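S.K.: Pasting a predicted model and its sequence here:
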Amino acid sequence: MNKWLMLFLGGWIFFAGCQKISVTEIQNMVDRGEFSKAEQIIKERLADDKNLSAKEKDLLRFELERMKRIRKDFTKSREQVVEFIKKYIPDVSDEDLARWEKEKKLEFMVIDGQKKYFNHAARNLFRLDDECLAIWKQKNPDNKKKFDLDLHIENLIAECQESGLTYGHPVRLRIKQGVVVHADQVPDGELIRCWIPFPREIPHRQLNIKILNSEPKTYQLAPNSRLQRTIYFEKQAIANEPTEFWVEYEYTTHGVYVDIDPQKVKAVDPEGPLKEYLQERPPHIVFSDTLKKLSAQIVGQETNPYRIAQKIFAWIDTNITWASAREYSTIRNLSLYPVLNKHGDCGIQTMLFITLCRMNGIPARWQSGWEFQPPDDSMHDWSMIYFEPYGWVPSDVTYGMRQSDVPQVKYFYLNGMDSFRLIFNDDYSMPFEPPKTHFRSETVDSQRGEVEWDGGNLYFDQWDWKFEWKIISQ
């Protein structure tokens, strides 16, 4: 057979084969680390398959983006991981590595046949393995003076009980948050669009928000009704110069404590006005067989909604260890991930808590922003759950059970919140105003910002975020 005919037929057969491969099969290919094969098939499909729907095209385009992002999250070689571990465990062996990998304490992916470790895998090992954690604490004693969170909790509980209110201890803070796009990420003269998270006015929680200054001066503030609220800016890129955006404002925040009597808590109507907070919401809130089995194990025969939530709260606090996480846009199901991997950061723990609550008839939803434990701060995710007849209450499973013999203090974070929070989001994966044209860098949360231009999204490695805060009064 003529070699050119053979090449033609080979290409036609490959194209025909690509046509038959479903989006789900391609996603499975990506999950197995067959990136080069998946990339080739996706590009062929996007270029030649005229039967693809707009939704299928977006799904395939995002798989290309997902693979790029995974490659950025998994860059460490075995040698680099071992070098880090040897600083603390000089005689680490191949058997140790194999055991930690099997126990999901050393996170890696095999991409196109090459094993790559998660960027924070080595550090996470010293959070996830008890023996390694003990070594870390011995070699890194924490002598820093800490904010007395439990004292704050005790005072807040006492204040709320004395006043008869569910909120107290107001704190006024000044925030300056910004984004700096690296030089020459966008051609000279092109317009850069930037969304910076902005707090929502929430009765008794977050109020008296006042913008003090911004760069540039012109902006578009999304309405308070936006559940992922932002302040939007535009600026032209200048060759060889970084592009900066920022906003400065003040706001007042209150702590919350709802003194719940479990005997008074009743089940909500599953077909009532809270129905949407009891349902699945793929891809991250899915009542999978794995979670159904786990739920039955945790809840047992308990029927009281508060006690059920308490059991779920305690189980996650005890069994899902906090560890640095991959970018959420690379994880297909945030609530399933910690059950399979035995760890997760605050948002992953929270999504599991929300899902298990919903599975058991307890309305639950997302809330997130920043946390402060002076002088420390961090991006943070938590939840809101609903107990009839008390209503919505904040709940932070990552802060978990406090080391206290007083039940109100021990389970404070099941139905209370400290005064040092900044709330940006009352839901996840919600549209911005004005809408973003290209894929978001953070597809779930909104805490750092988002940036794009006509040529595409600017990912986190193309810009830096800045966050400054100061307590004005308390």
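M.R.: That came in fine, so what should we check first?

S.K.: Tell me how the protein divides into domains.
M.R.: Using automatic domain parsing, the domain ranges for the chain come out as 21-74, 77-139, 149-255+433-473, 259-414.

S.K.: ok now the second one, how far from the chain's centre?
M.R.: Okay, so that is domain 77-139. Relative to its chain's centre, domain 77-139 lies at 23 Å (CA atoms, centre = their mean, to the nearest Å).

S.K.: what about that domain, average pLDDT?
M.R.: Mean pLDDT, computed over domain 77-139, is 97.

S.K.: what distance separates the start and the end of that domain?
M.R.: Start to finish, the residues bounding domain 77-139 are 24 Å apart (CA to CA, to the nearest Å).

S.K.: T75 contacts K115, correct?
M.R.: No: counting by CB atoms under 8 Å, T75 does not reach K115; the two are 11.9 Å apart. For the C-beta atoms, the positions are set from N, CA and C on the backbone; glycine is no exception.

S.K.: Between these two, which has more neighbouring residues?
M.R.: Each of T75 and K115 has its neighbours counted (other CB atoms under 10 Å); K115 has more, 15 against 11.

S.K.: May I see the buried residues of whichever strand or helix holds that one?
M.R.: Following DSSP states H and E, the helix or strand that holds K115 is strand 114-118. Neighbour-count burial for strand 114-118 flags K116, Y117, F118 (criterion: 16 or more other CB atoms under 10 Å).

S.K.: Quickly run through the sheet partners of that strand, with directions.
M.R.: The pairing partners recorded for strand 114-118 under DSSP bridges are strand 74-76 (antiparallel), strand 108-111 (antiparallel).

S.K.: Same list, the ones you listed, but as a markdown table with distance to F353 please.
M.R.: A markdown table is the format used below for the strands paired with strand 114-118 (distance: least, CB to CB, whole Å):
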| stretch | distance to F353 |
| --- | --- |
| strand 74-76 | 27 |
| strand 108-111 | 26 |
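
S.K.: so which of those strands gets nearest S473?
M.R.: Checking these against S473 by CB to CB gives strand 74-76 as the closest, at 44.3 Å.

S.K.: Check the offset of the closest one from the chain's centre.
M.R.: How far strand 74-76 lies from its chain's middle: 20 Å, per CA atoms, centre = their mean.

S.K.: contact partners of that strand?
M.R.: For strand 74-76, contacts defined as CB atoms under 8 Å, 6 or more residues apart in numbering pick out F108, M109, I111, K116, Y117, F118, N119, A121, A122.

S.K.: Quote the end-to-end distance of stretch 434-443.
M.R.: One end of stretch 434-443 to the other measures 16 Å (CA to CA).

S.K.: for stretch 370-389, that is, sorry about that
M.R.: Start-to-end, stretch 370-389 (CA to CA) is 29 Å.

S.K.: What are the buried residues along that stretch?
M.R.: Buried residues in stretch 370-389 (16+ other CB under 10 Å): 370-372, 379-388.

S.K.: hmm, which two among the contacts of strand 74-76 are most spread apart?
M.R.: I111 and A122 (18.1 Å).

S.K.: The two: which has the busier surroundings?
M.R.: A122 (22 against 18).

S.K.: Hmm, that one is touching I85, no?
M.R.: Yes: the criterion here is CB under 8 Å, and A122 meets it with I85 at 5.8 Å.

S.K.: can you give me the strands for the stretch 251-400 of the chain?
M.R.: Here the stretch 251-400 of the chain has its strands, by DSSP state E, counting those that start in this stretch, at 321-322, 343-344, 364-373, 376-387, 391-395.

S.K.: if we can go back for a sec, mind putting the buried residues of stretch 370-389 in TSV, distance to H182 included?
M.R.: TSV is the format used below for those (distance: CB to CB, whole Å):
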residue	distance to H182
W370	24
E371	28
F372	28
M379	21
H380	26
D381	27
W382	32
S383	35
M384	37
I385	41
Y386	44
F387	47
E388	51
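
S.K.: Closest one of these to K102?
M.R.: Using CB to CB, the buried residues of stretch 370-389 come closest to K102 at D381, 29.0 Å.

S.K.: Quick check: that closest one vs H284, distance?
M.R.: Per CB to CB, to the nearest Å, D381 is found 12 Å from H284.

S.K.: contact partners of the longest helix belonging to the chain?
M.R.: Across the chain, the longest stretch assigned as helix under DSSP state H is helix 54-73. Under the contact criterion CB under 8 Å, 6+ apart, helix 54-73 has outside partners 23, 26-27, 30, 35, 38-39, 42-43, 45-46, 52, 109, 111, 116, 118-119, 326-327, 329-330, 439, 459, 461.

S.K.: Helix, strand or coil: sort out A122 for me.
M.R.: Here A122 takes the helix state, with states given by DSSP: H, G, I helix; E, B strand; the rest coil.
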